[in-house]
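K.L.:
Return atomic coordinates for the entry below.
(one chain, ligands or ions: 1)
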Amino acid sequence: MTESRTHHSEFDSDLHRTAIAQLDRVASKLKLDPDVHERLRHPRRALVVSVPVRMDSGNTEVFTGYRVHHNNVLGPTKGGVRYDAEVSLGEVTALAMLMTWKCALMGLPYGGAKGGVRCIPRQMSAQELEGLTRRYTAEIILLIGPDLDIPAPDLGTDEQTMAWMMDTYSMTQGKSVPGVVTGKPLIVGGSKGRKEATGRGIVYALAEASRHLGQDLRGRKIVVQGFGNVGAVAARLLWAEGCLIVGVSDVRGGIWNPRGLDLRQLDAHVAEAGTVTGFPGADAVSNADIITQPCDVLIPAAVGSQIHAGNAERVKASIVVEGANGPTTPEADVILRERGVTVIPDILANAGGVVVSYFEWVQGLQHYFWDESEITKRLQEVMTRAFGRVWALGNKESTDLRTAALMEGISRVAEAHRVRGLYP
Ligand code: NAD
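P.N.:
Got it, this is the predicted structure:
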């Protein structure tokens with residue numbers, strides 16, 4: 001192993017080590033050209049910025065922000081912006097790499113990127129968050145644009161964040177540039193169905209897995225960790241499909257009722273209390289315990305590394321659908337595989353968001369907007385097709401769905417590098 005093949009300390013993080021190990025494993029399975037493999041191990045460019053913000057107290061606080069483009073061989077880069085206390089250069093770089101494989105797997109004309117600011121958004125006022133977002137956008141402005149790199153919401157960010165980013169970018173251009181971000185509010189060029197897209201995609205992926213496994217979705221017991229944009233939508237849609245939502249959680253803790261939660265009442269409780277905890281008619285359960293509660297399907301939809309070597313043996317679900325990015329550590333992945341648990345991997349399961357972001361971008365570029373039914377139909381087609389390809393490759397190669405999904409995504413990116421060659 002040459003020195004450049006050893007780990008790069010500036011990107012040091014668990015998730016980055018995992019992402020590199022996954023790439024190396026799949027590269028050897030695919031017998032990837034070693035030169036292309038080496039290029040894929042490195043991000044194309046990475047920017048670290050200081051983000052000074054005038055806080056409500058009158059003091060100025062300086063936050064650290066990042067934007068990383070992993071690869072743009074298939075098109076402009078695309079990826080979320082996360083506001084979280086754990087954000088680091090390594091985490092953002094790993095997530096950008098996962099975005100590259102995800103976009104390629106779904107057949108989208110994008111490369112992978114990711115961004116974020118290390119902060120605790122729930123402890124900040126709307127005014128502070130607006131200041132943070134506008135200054136972060138200004139600091140990374142050379143790296144973003146509708147045909148260069150298009151941010152979207154992720155952990156701790158939402159439609160409002162995207163509206164502020166779009167406005168800040170537009171002000172520097174002297175005109176409205178809606179195509180610079182996706183996941184915007186409808187009124188400024190957002191797409192119908194974008195907010196629900198990731199959760200909806202999870203449901204399509206689970207439905208396809210159930211169909212291939214000869215199981216019925218109705219009546220299945222579901223646990224969802226993370227009742228945010230992704231998890232709450234998935235829970236609501238599965239409840240409407242006749243599933244029993246037996247447990248959900250958010251950062252404050254979880255709730256549990258083996259007879260099933262009433263999602264309409266839960267939504268009303270969350271709207272008032274701002275958390276699922278304290279919901280009447282359910283027992284309290286911790287975020288650690290919710291992973292191992294008895295259920296048929298576990299949907300981790302919060303943060304990374306929630307299923308690990310210490311709890312994977314005790315996971316009761318027979319299907320894990322990864323709503324979050326990187327919720328399963330590599331050690332846990334092996335344990336789940338050996339125990340016969342079907343894991344629908346993040347780059348497939350949560351790809352609905354970037355698929356509808358792509359639809360939003362296309363609608364914006366054409367100034368022509370589609371009905372929600374059109375978007376839902378096309379999302380289902382793309383998800384079902386991708387699932388089918390991954391399932392078939394998994395069978396052909398006698399491998400798990402994560403390896404198959406990575407093989408599919410990575411081989412497309414590698415092929416594009418092969419035909420484009422190396423500049424200069
Ligand atoms: P969100 O901020 O809307 O929701 C996150 C939820 O997780 C909240 O309920 C929050 O309270 C909870 N949470 C946060 N930290 C936690 C912790 N340490 N333990 C337990 N719960 C915690 O974010 P989101 O957009 O729903 O994203 C959730 C996950 O899905 C992230 O991993 C994100 O990368 C991934 N994802 C999001 C999208 C998207 O379109 N928003 C697309 C693909 C993947």
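
K.L.:
can you map out the helices along this structure?
P.N.:
If DSSP state H is used as the criterion, the helices of the chain fall at 14-30, 34-40, 89-105, 126-139, 159-173, 194-213, 229-240, 263-273, 287-290, 330-338, 346-349, 352-366, 372-396, 401-420.

K.L.:
any residue of the third one up close to the ligand?
P.N.:
Spelled out, it's helix 89-105. No: looking at helix 89-105 against the ligand by C-beta under 6 Å from any ligand atom, there are no contacts, and the closest approach is 7.1 Å. Yep, even glycine has a C-beta here, placed from its N, CA and C like the rest.

K.L.:
now the most centrally placed residue in the chain, nearest residue through space, not along the chain?
P.N.:
Centroid-nearest residue in the chain, with C-alpha atoms, centre = their mean: residue 325, separated by 4.8 Å. Beyond its immediate neighbours in the sequence, the residue positioned closest to residue 325 (C-beta to C-beta, 6 or more residues apart in numbering) is residue 346, lying 5.0 Å away.

K.L.:
My guess is the one you found contacts residue 333. True?
P.N.:
No: shown here, residue 346 and residue 333 do not form a contact pair, counting by C-beta atoms under 8 Å, at 11.3 Å.

K.L.:
Check what pLDDT the residue nearest to residue 325 gets.
P.N.:
On the pLDDT scale, residue 346 is placed at 97.

K.L.:
burial measure for it, as a count.
P.N.:
For residue 346, the count of nearby residues is 24 (other C-beta atoms under 10 Å).

K.L.:
For the longest strand anywhere in the chain, which strands pair with it and how are they oriented?
P.N.:
Identified as the longest strand of the chain according to DSSP state E is strand 60-71. The sheet places strand 60-71 alongside strand 45-54 (antiparallel), strand 111-118 (antiparallel), with pairing taken from DSSP bridges.

K.L.:
Check which residues of the first one are buried.
P.N.:
Neighbour counts using 16 or more other C-beta atoms under 10 Å place 46-47, 49, 51, 53 of strand 45-54 among the buried residues.

K.L.:
circling back: the residue nearest to the centre of the chain: what's it in contact with?
P.N.:
Taking C-beta atoms under 8 Å, 6 or more residues apart in numbering as the definition of contact, the neighbours of residue 325 are 95, 98, 304, 346, 350.

K.L.:
do the same with residue 407
P.N.:
For residue 407, the contacting residues are 26, 29-30, 393, 397, 399, taking C-beta under 8 Å, 6+ apart as the criterion.

K.L.:
Buried subset of those, written for ChimeraX?
P.N.:
This is the ChimeraX syntax for the buried subset of the contacts of residue 407, where burial follows 16+ other C-beta under 10 Å:
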select :26,393,399
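
K.L.:
Tell me the one among the contacts of residue 407 nearest to the ligand.
P.N.:
Taking C-beta to the nearest ligand atom as the measure, the ligand sits nearest to residue 26 out of the contacts of residue 407, at 20.5 Å.

K.L.:
ok, and the closest non-adjacent residue to that closest one?
P.N.:
residue 406 (4.6 Å).

K.L.:
cool, residue 86 as well?
P.N.:
Spatial nearest neighbour of residue 86, excluding adjacent residues (C-beta to C-beta, 6+ apart): residue 303 at 7.3 Å.

K.L.:
do the same with residue 137
P.N.:
In space, residue 137 is closest to residue 168, 4.2 Å off (C-beta to C-beta, 6+ apart).

K.L.:
what does the chain put close to the ligand?
P.N.:
153-156, 198, 226-231, 249-251, 287, 301-303, 323-325, 350, 353.

K.L.:
Just the buried residues of those.
P.N.:
When the residues of the chain next to the ligand are checked against 16+ other C-beta under 10 Å, the ones flagged as buried are 153-156, 198, 226-231, 249-250, 287, 301-303, 323-325, 350, 353.

K.L.:
Contact partners for residue 62?
P.N.:
Residue 62 makes contact with 50-53 under the criterion C-beta under 8 Å, 6+ apart.

K.L.:
Can you tell me who it pairs with across the strands?
P.N.:
Where residue 62 sits in a bridge, its partners, by DSSP bridges, are residue 52.

K.L.:
any idea how far residue 52 is from it?
P.N.:
With distances defined as C-beta to C-beta, to the nearest Å, the gap from residue 62 to residue 52 amounts to 5 Å.

K.L.:
Residue of the chain nearest the ligand, please.
P.N.:
residue 228 (1.6 Å).

K.L.:
Thought residue 248 was touching that residue, still the case?
P.N.:
No: proximity of residue 228 to residue 248 does not meet the contact threshold set by C-beta under 8 Å, at 10.5 Å.

K.L.:
okay, who's weakest in the contacts of residue 325 by pLDDT?
P.N.:
residue 304 (93).

K.L.:
List the contacts of the closest residue to that one other than its chain neighbours.
P.N.:
The spatial neighbour of residue 304 that comes closest, neighbours along the chain excluded (C-beta to C-beta, 6+ apart), is residue 326 at 4.0 Å. With contacts defined as C-beta under 8 Å, 6+ apart, residue 326 is in contact with 15, 18-19, 94-95, 98, 304-305, 346.

K.L.:
Alright, calling it a day.
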